[in-house]
Every structure is written in C-alpha cells, then in structure tokens.
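Attaching a predicted model along with its sequence, questions to come.
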Amino acid sequence: MPTAFGWQKYLASQESSGSAEALVVDFDSVDRLRFNATETVINETGIDRNFRIEGDTLANLFFLDAGSDQAVFGSATVADTLAILSIVDDAAGATAVTLALQHDSASPADADEQQVRFYSTVEDAGNAAVELARITVVQEDATAATDDASIRFDIMVANVLLNDVFIIGPTSAAGAMQFIFNEDGDDADFRIEGDTNANMLVIDAATDSMSFGSAVVAGASYSVSNLTGRDFVTAVGHQLHIPSGSITDSGVTGTIGVLATEFVGAATVLATNTITYTDAASLRVLIPVASTGATFTRTYAIWTNGQVRADSNFQVNNTALFATTQPTAAVVFQSGTAPVGAITTGGALFASTTVIRKIIADGTASDVQT
C-alpha cells in the first residue's frame, strides 16, 4: 500500500459475497467513503468522524457532527442540542434570510399551495407515521399586480385533522386581510387569558356562545361575568362600560323616527311544545348587593340622568303603577293599599318650584314634601 505523510490510504475495488462491486475510500483501515451500484455512503463504519462542506466564503456551509448525530447548515455549532438539523445564519445585518421555500411552477394559478407537514409515530397503530399538524401557504391570487396569499394551520384533534383552525390573510383572490379562527366550523373553542384571569374571552364553538370574564354561562349566547375585582370603584361601570361618543349623520335630511345609541330587540320565543314562562323580559337588571363592610346610601337597579319613556304602563310587584288616564304634567297613581312611606290613596304627584304636591281625589292639592 502506498504511504504519504505517514497516512495509510488506498483506493480499491472490493467485491463481497452476494453484492455488486464497490469503490471504497479507506483511511487508517476505516471505510470512509463507499460507492456502489445503489448508493454512496460516507462513514460506513460508523465512527466519530465529522463531515463538512465549504462554500466560497462560508467555511461550514454544511456540517455533520458524527459524535452527536446532528447536522448543521451554516455553522459547526448546533443551535439546539436536541435538534437533528439546525440552520444557523451568522451573516451581518439586521435582516437574515435563513430559509427560503419556493413553488417554482411553470403555470402558477390561484389556490396553489406549499405545505410543511409534521408527523410522529403512534404506539397503538404499530408505530405508523401519523400527521399531527400542517402549515399551508395558499397563493390566493396568482396575478402579478394583485398577488396575495394566506397562511393556514391544521392540527390533529381526536384522530381527526382539523383544517383551517387558524388563517392569516385573505381567503380568496382580491380578498381582504383578516384573521380567522375555526374557518371550517369545527368544535374548536377559543380562549384568551389575562394576567390573572384565565378566561378574559371564551368562545364555546359547540354551543355557539361567548363569554367575557369566565367560562360560558349555560343558556346565554353572550355573557359578562366574574371579572377580576378592582382596587378602586368608578362611575364608568365596574364590569361593563359603553362609552359616550358622537354620532354623525350620513348627510341625509328630514325626520328620523328613532335614534338609539344602544338597542335591545324583542326576542321571538319559539317552542316545539306548549310552555308557559311566568316572567319574560328583554332586559333584566338586579340591584347591587352590599357585602360585609360595604354600605349603600342609595341603591338603584337602573339610574338615568334624563327622562324615562314607557310606551305602556310600569309595574311594581306585578301590579300596574299608573292609572290609565293622566292629567297634564302629573304622574297619576292607581288607588289601593300602598307600602309604608308611599302615597296611600289614588291621585297624582307634581312638582312646583318649592314643594312636591299630591292631587287627591277631589282635585285639590296638598303639600307632601318641601
């Protein structure tokens, strides 16, 4: 065997029993490179000898660390000790293109896709490879002047790959930029945590319901509840605040029948069987409750700084509050037994400049409170 610089090396044609002829590069009696009819093998013996490819200016364009069974692009140092493959960019500059994927189609078209898929083996399926997740980039519009794309995320849940769990971007050519969760309408819930509240926003897909501050409330489409207690109390609404603002007309003229900044519609209650509701309300407001240490000077379930209009009668304890006929500028009460401190006979209340007066049955007025 020829020897040079103290190294023993040779190129030989080797033929083993039952195999085709192979060309082998041997170094120190170790099979370092082998060429045969079906493959080219580096480090066939399996010893701790690294493999490196240099670029024009990058010394470690590709580096294979045999001792740790890891491969690196761009460096001789792995980025993650658990990673089989690392890509390291040590180029100067604030922006680095570390990895580029291109779908180089000769005839690009709308809805062309590029995908990255993630697999793992499943124990009870004979260690078969199962797709766990998928990231898809869709070229929604392939026209050069209007090209756009979306990124779609799929994930395996209960042995079903849920498609389009999350989408960033338009979903059609010339579509609007958007963020979509659960595009396919699967039973996929959505939750946002705060610093201390785990349920700042919860959407329950199975029940089509949403809640602010807690898990969804059974039977309610939308709910606000169990918000984190505050260290201070304000007059802007402890749990829900609808701020005041300006409303600008759209340039029309004339008379508008109704202007409402907030609106509660009349729900049509459908029933497949005969059912009776003892009380029904479009809006139900409960009075605040003071716990130990808290005292209310005055308590209201509803407080307004302006007039209250009712197109029908008010009720107190299921009894109509007002008479069916009212004199001008007075509130007329029905006759009947009244609670302590209230007006005890039928009549009305009206205010003068100094006193509140009661109109009694014969039409005369008497002072009630100065």
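Now that the structure is in, tell me what you want to look at. Numbering: from 1, shown residues only.

what about the stretch 51-200 of the chain, any weak spots by pLDDT?
Applying pLDDT under 70 to the predicted model, the residue ranges of the stretch 51-200 of the chain that meet it are 91-93, 125.

Please identify the pairing partners of the longest strand seen in the chain and their relative orientation?
If each strand of the chain is counted by residues according to DSSP state E, the longest one is strand 128-141. In its sheet, strand 128-141 lies beside strand 112-122 (antiparallel), strand 148-157 (antiparallel), with partners assigned from DSSP bridges.

Buried residues, that strand. List them.
For strand 128-141, the neighbour count (16 or more other CB atoms under 10 Å) marks 133, 134, 136, 137, 138, 139, 140, 141 as buried. (Glycine included, C-beta is placed from N, CA and C.)

Looks like the second one contacts residue 118 (just checking).
In other words, residue 134. Yes: contact criterion CB atoms under 8 Å: residue 134 and residue 118 qualify, at 7.1 Å.

about what we covered before: okay, the strands paired with strand 128-141 in TSV with distance to residue 206 and mean neighbour count next?
Rendered in TSV, the data for these read as follows (distance: least, CB to CB, whole Å; neighbours: other CB atoms under 10 Å):
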stretch	distance to residue 206	mean neighbour count
strand 112-122	26	12
strand 148-157	13	17
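
Is it possible to get JSON lines of those strands that adds distance to residue 49?
Converted to JSON lines, the strands paired with strand 128-141 look like this (distance: least, CB to CB, whole Å):
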{"stretch": "strand 112-122", "distance to residue 49": "30"}
{"stretch": "strand 148-157", "distance to residue 49": "39"}
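
do you know which of those strands lies nearest residue 30?
Each of those has some distance to residue 30 by CB to CB; the shortest is strand 112-122, at 33.2 Å.

Touching the closest one from outside, list them.
Outside of strand 112-122, the residues that reach it under the criterion CB atoms under 8 Å, 6 or more residues apart in numbering are 101, 103, 105, 127-139, 142.

What of stretch 137-151?
If you take CB under 8 Å, 6+ apart as the criterion, stretch 137-151 is touched by 103, 108-115, 135-136, 152, 167-175.

go on, stretch 46-56?
Counting contacts by CB under 8 Å, 6+ apart, the residues outside stretch 46-56 that touch it are 30, 32, 42-43, 59-67, 76.

now do stretch 83-91
Residues from elsewhere that reach stretch 83-91 (CB under 8 Å, 6+ apart): 69-75, 77-80, 96-99.

Need the max-distance pair from the residues you listed.
Pairwise distances across the contacts of stretch 83-91 peak at 27.6 Å for 69 and 97 (criterion: CB to CB).

My guess is residue 166 contacts residue 152. True?
Yes: here residue 166 lies in contact with residue 152, judged by CB under 8 Å, at a distance of 7.5 Å.

now residue 61, nearest residue through space, not along the chain?
Among residues not flanking residue 61 along the chain, residue 55 sits closest, at 3.8 Å (CB to CB, 6 or more residues apart in numbering).

and the one you found, how many neighbours does it have?
10 (other CB atoms under 10 Å).

rewinding a little: so how far is the longest strand of the chain off the chain centroid?
20 Å (CA atoms, centre = their mean, to the nearest Å).

cool, stretch 280-289 as well?
Counting by CA atoms, centre = their mean, stretch 280-289 comes out at 30 Å from the chain centroid.

Just the residues contacting it, thanks.
In this structure, residues lying in contact with stretch 280-289 by CB under 8 Å, 6+ apart are 264, 265, 266, 267, 269, 296, 299, 300, 301, 302.
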